[in-house]
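>>> Sequence unavailable; structure follows:
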């Protein structure tokens, strides 16, 4: 018997199928549809969960990239006016060299290494000068932390700068006046007041220190908190690096008396005119042209050579005479 004959015989044995009653058929169809819908809902829910998981993962990845790769918001609190030698800034794991015009932002660390810097606070009369091997942190526009080295503060008398302060360990230095030098080394902290007045605060005490042209004061605080005061000159070797880092000024069309006052302020020397006539003449006489002012005393010689008057520097005094 062939395979086809066997199949034909099986069909005859099976005979014609008895159709299902309509009630049973309807009940089975309803049950089938319900099961189908349930399975479809499960599949859709699974798809939603998968898609939601994928979307959440993508959002997390994007957020991570944004938080880690987005640029640091720019908040300028100071700018570099002069940079000599090797100097650089550091913020977290970023760093770079410093040069004229570079901006400084909150919590930037500034290192001078073998160089030195002149910095101008944004929208302020305050000029900061950093000596070699100095490290500071800009806490904000109105405060810096001196880690080590030397920082000189020069604020114009008419400027809005009285909120500025320097923090060194547990000591805070704030000024009422205008020129002072704060140093921190292995022996302790010193504040040399060249002109004006500063307030020195610690956890246990607060005191003032004053200086005038020619007569400054040095306040020293040792690591054991021993405090000493002593008079100092406002000119000489202590201030040499400070004078060399003075910000440049535009001299063209500047009255000579104003220029001489700037020289006296930068060098810590007392300015004396031999007669009222010389002061009156220099009040109206203007400097013609721009001259280099990085070396204040050299600039003084250049300007005085254009006048009919002479200058003598003697015992802490710049004397202008006929």
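Thanks, I have the structure now. Note that this is a predicted model, so its numbers are computed, not measured. Residues are numbered from 1 along each chain as shown.
>>> Residue 316: how many residues sit nearby?
When counting by other Cβ atoms under 10 Å, one arrives at 16 neighbours for residue 316. C-beta here means a position set from N, CA and C on the backbone, and glycine is covered the same way.
>>> which residues sit in contact with it?
Neighbour list for residue 316: 214, 233, 234, 235, 268, 269, 270 [criterion: Cβ atoms under 8 Å, 6 or more residues apart in numbering].
>>> and it, what are its phi and psi?
phi 80, psi 20 (degrees, to the nearest 10).
>>> Tell me the spacing between it and residue 219.
Distance from residue 316 to residue 219, counting by Cβ to Cβ, to the nearest Å: 21 Å.
>>> Same question for residue 172.
Distance of residue 172 to residue 219, computed by Cβ to Cβ: 13 Å.
>>> which residues do the two both contact?
Common contacts of residue 172 and residue 219, defined by Cβ under 8 Å, 6+ apart, comprise residue 200.
>>> if you count what's nearby, which of the two comes out ahead?
Set side by side, residue 172 and residue 219 give different neighbour counts by other Cβ under 10 Å, the larger being at residue 219 (21 against 17).
>>> Next, the contact list for that one, please.
Residues counted as contacts of residue 219 (Cβ under 8 Å, 6+ apart) are 190, 191, 192, 193, 200, 207, 209, 227, 228, 229.
>>> Which residue is the nearest non-sequential neighbour of the second one?
For residue 191, ignoring the flanking residues on the chain, the nearest one in space by Cβ to Cβ, 6 or more residues apart in numbering is residue 219 at 4.6 Å.
>>> I'd like the average pLDDT over the helix or strand where the one you found lies.
Element membership for residue 219 (DSSP states H and E) is strand 216-222. Mean pLDDT, computed over strand 216-222, is 93.
>>> Check which residues of that strand are buried.
For strand 216-222, the neighbour count (16 or more other Cβ atoms under 10 Å) marks 216, 217, 218, 219, 220, 221 as buried.
>>> what bridges to the fifth one?
Beta bridges link residue 220 to residue 190, residue 228 when assigned by DSSP bridges.
>>> Tell me who's in contact with it.
188, 189, 190, 191, 227, 228, 229, 230.
>>> of these, buried ones?
188, 189, 190, 191.
>>> Surely the last one touches residue 184?
No - with the criterion set as Cβ atoms under 8 Å, residue 191 and residue 184 do not qualify as a contacting pair; they are 10.2 Å apart.
>>> Residue 248: which of the contacts of residue 219 is nearest?
Taking Cβ to Cβ as the measure, residue 248 lies nearest residue 192 of the contacts of residue 219, at 24.1 Å.
>>> neighbours of the closest one, just the number please.
Burial of residue 192 is recorded as 26 neighbouring residues (other Cβ under 10 Å).
>>> in which helix or strand would I find it?
Using DSSP H and E, residue 192 maps to strand 188-201.
>>> Quick one: low-confidence residue ranges for the stretch 51-200 of the chain.
In the predicted model of the stretch 51-200 of the chain, residues 51-73, 157-162 satisfy pLDDT under 70.
>>> Please, where are all the strands along it?
78-84, 88-91, 94-97, 103-104, 109-111, 116-121, 126-130, 135-140, 143-155, 165-168, 171-175, 179-185, 188-201 (DSSP state E, counting those that start in this stretch).
>>> I would like the residues contacting the third one, please.
The contact list for strand 94-97, computed with Cβ under 8 Å, 6+ apart, reads 86, 87, 88, 89.
>>> Buried members of those into PyMOL, please.
Listed next is the PyMOL selection for buried residues among the contacts of strand 94-97, using 16+ other Cβ under 10 Å:
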select buried, resi 87+88+89
